[in-house]
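[1] I need the structure of the sequence given here:
(one chain, ligands or ions: 1)
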Amino acid sequence: MNSIFNQLLNVKGTVVETVRVVDSPLRPVPVLEIHVRPRAGMLRCSRCGRRRRGYDRGGGVRRWRHQDFGCWRVELVSGMPRVDCPKCGVVVASVPRAEPGSRFTRGFEAECAWLMTVADRKTVSGFMHVTWRTAGDIARRVADRLRASMPCPFDGLTAIGVDETSYRKGHTYVTVVVDHERHRVIWAHDGYGREVFDLFFRRLTDEQKASIKVVTGDGARWIDSCVAEHCPNAERVLDGFHIVSWMTGALDTVANACGTMPGAAATNGRRNACAASNTPS
Ligand SMILES: [Zn+2]
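    Just a heads-up that it's a prediction; the model follows:
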């Protein structure tokens, strides 16, 4: 039975010792409690990360919420053994299944973070049985983990785009920078304007700035001045979205103006404007 749970958990360096169902009135739902221990010889120092010899079993136990097995809520329970590290001394061993300080396994956190990208707040809280604030902490840890495992998003940039967008009904702005080559967001920060865009360039090394050849964006002057200062060799390009948006707005203005004219001139003007706005660019 334990070997089946070992396969179901699929947590490296962990061995299942016992499994039991805890149905206590103190808990909102029954819990499948899986007691685990680190695999022999797999203990690592929580400070330097090196594999070390075990010192003792430590004191007390800790729990981590894992992904549900069907309708069962799953919790892993384990002691916190200590290791004898020549470099760091006697310290608690690292936990391979979870981030330091987290009450959730990495698998649970990955599922929760993914759900946050495709579902609304109510669905995430209801499906994962976590508060929205807790889900936010989880997303932050997953993002940090992914960032640490990925190559620097600022390396090898050649064409970037910048734009600001608003949320909270237009009361709060955020500036977003994208990598056109890799089709992904590489940076975002609250606010907009020259000071905010400057913060992006301050994250880049001189070599990373020099590799940027094209910067797209709307016609804002703060983009021009920022690009001129940090990437003087980059070409400043107006992006297609804004050009189409401005053209459509201009045609609407013309059409509305024609609509106010009396007689045939107005009709012809409106018809011509509408025909022009329907012509693919
Ligand atoms: Zn160490």
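
[2] Share the number of residues neighbouring the residue lying closest to residue 155 once chain neighbours are set aside, please.
    Closest residue to residue 155 apart from its sequence neighbours, by Cβ to Cβ, 6 or more residues apart in numbering: residue 208 at 6.5 Å. (Glycine included, C-beta is placed from N, CA and C.) Residues lying near residue 208 (other Cβ atoms under 10 Å) number 16.

[3] Poorly predicted segments of the protein, please.
    1, 260-281 (pLDDT under 70).

[4] All the strands of it, in order from the start?
    14-22, 31-38, 53-56, 61-69, 72-79, 82-85, 89-92, 159-167, 172-179, 184-190, 214-217, 235-238 (DSSP state E).

[5] So for the ion, which of those sits nearest?
    Nearest to the ion, of all these, is strand 82-85, at 3.3 Å by Cβ to the ion.

[6] my read: residue 61 touches residue 77, true?
    Yes - if you go by Cβ atoms under 8 Å, residue 61 and residue 77 touch, sitting 5.6 Å apart.

[7] which neighbours do the two share?
    Listed as contacting both residue 61 and residue 77 by Cβ atoms under 8 Å, 6 or more residues apart in numbering is no residue at all.

[8] Please say which of these two ends up with more neighbours.
    Set side by side, residue 61 and residue 77 show more neighbours around residue 77, with 18 against 11, by other Cβ under 10 Å.

[9] could you check the distance from that one over to residue 131?
    22 Å (Cβ to Cβ, to the nearest Å).

[10] Point me to the residue of the stretch 101-250 of the chain nearest the ion.
    For the stretch 101-250 of the chain, Cβ to the ion, closest residue to the ion: residue 101, 18.1 Å.

[11] Next, that residue: phi, psi?
    When read as degrees, to the nearest 10, the backbone of residue 101 gives phi 80, psi -10.

[12] can you offset everything so residue one is 540?
    Okay, using 540 as the starting number, the last item reads as residue 640.

[13] residue contacts, residue 701?
    714, 715, 716, 717, 736, 739, 754, 755, 756, 762.

[14] Repeat that for residue 756.
    700, 701, 702, 762, 775, 777, 778, 781.

[15] coming back round to it: I'd like to know which of the contacts of residue 701 is nearest to residue 626.
    residue 739 (37.8 Å; Cβ to Cβ).

[16] Distance to residue 743 for the strands of the chain - can I get that in JSON lines?
    Shown next, in JSON lines, are the strands of the chain (distance: least, Cβ to Cβ, whole Å):
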{"stretch": "strand 553-561", "distance to residue 743": "40"}
{"stretch": "strand 570-577", "distance to residue 743": "41"}
{"stretch": "strand 592-595", "distance to residue 743": "44"}
{"stretch": "strand 600-608", "distance to residue 743": "38"}
{"stretch": "strand 611-618", "distance to residue 743": "41"}
{"stretch": "strand 621-624", "distance to residue 743": "37"}
{"stretch": "strand 628-631", "distance to residue 743": "37"}
{"stretch": "strand 698-706", "distance to residue 743": "10"}
{"stretch": "strand 711-718", "distance to residue 743": "10"}
{"stretch": "strand 723-729", "distance to residue 743": "10"}
{"stretch": "strand 753-756", "distance to residue 743": "12"}
{"stretch": "strand 774-777", "distance to residue 743": "17"}
